[in-house]
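Novice: need a structure here:
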Amino acid sequence: MSTTATAGPRLVTSQFVLLGSASLAYFLADGMLVPAVPRYVASELTGGNIAVGVAVAAFSLSALVLRPWTGRFADRHGRSLAMIGGGIVFAASVAGYGLADSIVVLSALRLLTGVGDAFFFVGAVTAMSDLAPAERRGEAISLFSLSLYVGLAVGPLIGEVVVNTAGFDTIWLVSAASALLAVLLSLRVGDTREPGAARPSAGRSRLIPPAAVVPALLLLALIWGMAGFLAFVPLYALDLGLSGAGFFLFGFAAIVVVIRSVGARIPDRLGALRSVRISLLCTTIALTTIATWQTVPGLVVGTVLLGIGVALGTPAIMTLALNRAPATERGATMATVTMSIDVAQALGPITLGLTAATTTRPTAFTTAALAAALGLALAVRFGRSTSR
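Specialist: Numbering: from 1, shown residues only. Predicted structure coming up:
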């Protein structure tokens with residue numbers, strides 16, 4: 001038996017590395033803005049909490065609204081073109097932040113930044129799906145997601161250092177430069193679509209591909225609970241008499257990173273649907289444990305199980321969607337599925353916050369567990385329907 005046959009299709013090619021490098025440069029640029037924008041609104045524009053919320057949320061709003069159209073664009077015109085255009089819009093809008101002399105102007109620029117994000121992110125994640133052999137898609141998504149996690153972990157640290165030492169004008173330029181580096185690397189990635197594959201026409205492209213609907217709902221159920229956990233565990237830790245939740249937040253992120261790197265092939269080996277079920281089961285048990293076992297050990301157990309669930313879930317759900325999507329609709333499929341992340345991160349904390357305000361924080365975690373349980377029920381039913 002040959003070595004090639006034993007090893008299976010190659011995943012890490014020079015094109016894949018270029019794509020990962022471009023994504024890392026982009027997510028670093030994005031991460032630098034996380035601490036810089038709120039501080040700029042509060043100090044330079046003298047805005048209050050509402051102004052900070054508006055400026056920060058404007059980015060997510062335009063990104064969410066445009067995702068279906070960016071998916072169609074990537075399918076018709078190529079993934080790298082979406083990444084290049086998105087990166088340029090991102091860089092240009094961020095470079096203009098220093099010229100904003102009011103909340104209105106900054107929010108308008110943030111809307112443009114969200115436009116750039118919609119194009120770049122959908123282009124990048126779809127290019128990754130093109131380059132991955134079908135039997136290694138879960139591994140590819142796991143490895144790709146590391147660029148996001150590293151960028152959003154290191155980027156804010158860079159942002160704070162630059163703001164403290166060189167000021168806001170400099171951080172806008174540094175972030176824009178990192179985004180332009182992503183553009184240059186994207187130029188080298190090239191067209192990742194299959195050679196000779198049919199291109200979707202304007203008349204038959206669908207904004208919401210059928211293959212994406214169930215996976216999008218599954219991802220919504222998964223991220224809804226995670227978003228609530230991240231929003232309320234800092235306060236819940238204080239309720240338990242702890243000084244903070246840093247240990248739990250770090251532990252959660254560390255578990256996700258370790259599983260998606262060392263265990264990147266788990267979703268492929270277990271199968272996408274089985275991995276989704278395990279993910280949502282772990283998430284349901286995790287949030288139920290936090291809600292009912294209201295002690296520090298209960299929070300530890302819940303955090304570990306939640307980390308496992310989230311680490312397995314996102315790659316498996318995206319793989320499930322890609323396995324059912326035709327090559328001509330991969331961009332639209334990824335755009336639809338990733339919309340769930342935006343919706344869950346926006347509505348999850350709000351709905352669970354209302355629950356906590358009218359009842360208790362443990363009840364909010366119970367509500368999040370219910371969302372995950374509904375996702376698990378959908379995954380089980382979906383598996384039965386597809387096996388008939």
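Novice: mind checking how far the residue nearest to the spatial centre of the chain is from residue 125?
Specialist: Closest residue to the average C-alpha location of the chain: residue 341 at 6.1 Å, with C-alpha atoms, centre = their mean. As for residue 341, its distance to residue 125 is 11 Å (criterion: C-beta to C-beta, to the nearest Å). (Each C-beta comes from the backbone N, C-alpha and C, glycine too.)
Novice: wait, what's in contact with the residue nearest to the centre of the chain?
Specialist: 219, 223 (C-beta atoms under 8 Å, 6 or more residues apart in numbering).
Novice: Going by secondary structure, it is in what exactly?
Specialist: Following DSSP states H and E, one finds residue 341 within helix 330-358.
Novice: related to what we said a few turns ago, pull up the gap between the residue nearest to the centre of the chain and residue 181, please.
Specialist: Counting by C-beta to C-beta, the gap from residue 341 to residue 181 is 25 Å.
Novice: same check, this time on residue 47
Specialist: Separation of residue 47 from residue 181 (C-beta to C-beta) stands at 31 Å.
Novice: got it, and residue 282?
Specialist: In this view, residue 282 and residue 181 are 37 Å apart by C-beta to C-beta.
Novice: okay, those two: which has more neighbours?
Specialist: Neighbour totals were compared for residue 282 and residue 181, and residue 282 leads with 23 against 19 (other C-beta atoms under 10 Å).
Novice: I'd like the distance from the helix or strand encompassing the more buried one to the chain centre, please.
Specialist: Using DSSP H and E, residue 282 falls within helix 272-292. Counting by C-alpha atoms, centre = their mean, to the nearest Å, helix 272-292 is centred 19 Å from the centre of its parent chain.
Novice: After that helix, which helix or strand is next? Please name it.
Specialist: Scanning forward in sequence from helix 272-292 by DSSP H and E, the next helix or strand is helix 296-324.
Novice: The helix holding residue 282 - what's its average pLDDT?
Specialist: Per-region confidence: helix 272-292 scores 95 on mean pLDDT.
Novice: tell me which residues in it are buried?
Specialist: 272-273, 275-291 (16 or more other C-beta atoms under 10 Å).
Novice: so the helix holding residue 341 versus helix 296-324, what angle?
Specialist: Here the directions of helix 330-358 and helix 296-324 differ by 150 degrees (axes from the mean of the first three to the mean of the last three C-alpha atoms, to 10 degrees).
Novice: where in the protein is pLDDT low?
Specialist: Residues of the chain meeting the criterion pLDDT under 70: 1-8, 195-206, 386-388.
Novice: wait, residue 272 sits on residue 324?
Specialist: No - applying C-beta atoms under 8 Å as the test, residue 272 and residue 324 come out as separate, 9.7 Å apart.
Novice: name the element residue 383 belongs to?
Specialist: Using DSSP H and E, residue 383 falls within helix 361-386.
Novice: Alpha carbons only: can I get stretch 75-90 in PDB?
Specialist: Taking C-alpha atoms only, stretch 75-90 is exported to PDB below (Å, rounded to 0.1, in the frame of the first residue of the first chain):
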ATOM      1  CA  ASP A  75     -20.400  31.900  -5.800                       C
ATOM      2  CA  ARG A  76     -20.600  33.900  -9.000                       C
ATOM      3  CA  HIS A  77     -17.300  35.900  -8.900                       C
ATOM      4  CA  GLY A  78     -15.000  33.900  -6.800                       C
ATOM      5  CA  ARG A  79     -14.000  33.700  -3.100                       C
ATOM      6  CA  SER A  80     -10.700  35.600  -3.400                       C
ATOM      7  CA  LEU A  81     -12.500  38.600  -5.100                       C
ATOM      8  CA  ALA A  82     -14.900  38.700  -2.100                       C
ATOM      9  CA  MET A  83     -12.000  38.600   0.300                       C
ATOM     10  CA  ILE A  84     -10.000  41.300  -1.600                       C
ATOM     11  CA  GLY A  85     -13.000  43.700  -1.900                       C
ATOM     12  CA  GLY A  86     -14.100  43.100   1.700                       C
ATOM     13  CA  GLY A  87     -10.500  43.700   3.000                       C
ATOM     14  CA  ILE A  88     -10.200  46.900   1.100                       C
ATOM     15  CA  VAL A  89     -13.500  48.300   2.400                       C
ATOM     16  CA  PHE A  90     -12.600  47.200   5.900                       C
END
